[in-house]
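Chemist: 3D, please:
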Amino acid sequence: MALVGANYSFIYVNVGCQGRISDGCMFKNTDLWKSLVNKSLNLPQPINLPSKDIPIPYIIVADDAFGFSENILKPYPGHHMKVSKERIFNYRLS
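Modeler: So this is what the prediction gives:
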């Protein structure tokens, strides 16, 4: 499992698990997950996006296999109509 930043550089790599273990199970046994849950990962503080008054946390974009957290953003599950907000969101997230 690897975590890559916005500049295409590796931030975190974990290769210590057998291939038959699910991604979600493996992730929940990593130091990265434990640090996210304990809020000890040392992520930057949430910031306001341009023209918004609500601070937005830094996030990790993940797939369906990973659990939810304040800092994990996942696509909507399943199939959606062509012009639905969920499908547009998933497209932009990918």
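Chemist: what helix or strand is L36 located in?
Modeler: Using DSSP states H and E, L36 sits in helix 31-38.
Chemist: tell me which residues in the helix or strand bottoming out on mean pLDDT in the chain are buried?
Modeler: Within the chain, no helix or strand scores below helix 23-27, which has a mean of 77 by mean pLDDT, DSSP states H and E. By 16 or more other Cβ atoms under 10 Å, the buried positions in helix 23-27 come out as M26, F27. Placement of C-beta: from N, CA and C, glycine included.
Chemist: would you put the C-alpha positions of that helix in CSV?
Modeler: Extracted as CSV, the C-alpha positions of helix 23-27 are listed here (Å, rounded to 0.1, in the frame of the first residue of the first chain):
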residue,chain,number,x,y,z
ASP,A,23,-6.8,-3.5,1.5
GLY,A,24,-9.2,-2.3,4.2
CYS,A,25,-8.0,-4.9,6.8
MET,A,26,-4.4,-4.2,6.0
PHE,A,27,-4.9,-0.4,6.2
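Chemist: before we move on, back to that, so for the helix or strand following the helix holding L36, what's the average pLDDT?
Modeler: Note on helix 31-38: by DSSP H and E, the next helix or strand toward the C-terminus is strand 47-48. For strand 47-48, the mean pLDDT works out to 92.
Chemist: direction included, what does strand 47-48 pair up with?
Modeler: Using DSSP bridges, strand 47-48 pairs in its sheet with strand 55-56 (antiparallel).
Chemist: how far off centre is the helix or strand following the strand it pairs with?
Modeler: Remark: after strand 55-56, the chain's next helix or strand is strand 60-61, criterion DSSP H and E. Centroid separation for strand 60-61 versus its chain: 2 Å, with Cα atoms, centre = their mean, to the nearest Å.
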